[in-house]
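Engineer: for reference, the sequence and a predicted model appear below.
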Amino acid sequence: MKVIRKSINELSESEKTEIDNFIELNNGLIFHETKFNEIASEIFNSNLSFFLAYTDKRLVGICPVHSIKESVEP
């Protein structure tokens, strides 16, 4: 198994489609979908990336990851 981390900006439209299809086929939740996470990233001002797990070039797992861009004082 190979696991890579890709920023949302590095993902092609076909990779986003592959992720969303994988989620749909495996009864995933909306919280994993690319569009939902892009919206959440914009609202919360986070850096969005996805961990992508591949076996023999076949997508077998995904995990969206948000990291804080900068701390904000109240």
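Structural biologist: All right, it came through fine.
Engineer: low-confidence bits of the chain, can you list those?
Structural biologist: Applying pLDDT under 70 to the chain flags residues 71-74.
Engineer: any idea how far the nearest residue to residue 37 once chain neighbours are set aside lies from residue 11?
Structural biologist: Excluding the flanking residues, the one nearest residue 37 by Cβ to Cβ, 6 or more residues apart in numbering is residue 64, at 4.6 Å. To be clear about C-beta, it is placed using only N, CA and C from the backbone, and glycine gets the same treatment. To residue 11, residue 64 is 11 Å away according to Cβ to Cβ, to the nearest Å.
Engineer: identify the contacts common to the two.
Structural biologist: By Cβ atoms under 8 Å, 6 or more residues apart in numbering, residue 64 and residue 11 have these common neighbours: 34, 50.
Engineer: tell me which residues in the helix or strand containing the residue nearest to residue 37 are buried?
Structural biologist: Assigned by DSSP states H and E, residue 64 belongs to strand 58-68. Using 16 or more other Cβ atoms under 10 Å as the test for burial, strand 58-68 gives 62, 64.
Engineer: outside of it itself, which residues are in contact with it?
Structural biologist: Outside strand 58-68, the residues touching it (Cβ under 8 Å, 6+ apart) are 1, 3, 5, 18-19, 22-23, 28, 31-32, 34, 37, 40-41, 44, 46-54.
Engineer: narrow the residues you listed to those that are buried.
Structural biologist: 18-19, 22-23, 32, 34, 37, 41, 48-50, 52.
Engineer: those residues in strands, which ones?
Structural biologist: Residues of the buried ones among the contacts of strand 58-68 located in strands (DSSP state E): 48-50, 52.
Engineer: run a quick neighbour tally on residue 15.
Structural biologist: Per other Cβ atoms under 10 Å, the neighbour tally for residue 15 reads 15.
Engineer: begin at 29 from now on, thanks
Structural biologist: Yep, numbering from 29; the last one is residue 43 now.
Engineer: which strand or helix spans the residue lying closest to it once chain neighbours are set aside?
Structural biologist: Leaving aside its sequence neighbours, residue 43 sits nearest to residue 34 (Cβ to Cβ, 6+ apart; 7.5 Å). Secondary structure assigned from DSSP H and E places residue 34 in strand 30-35.
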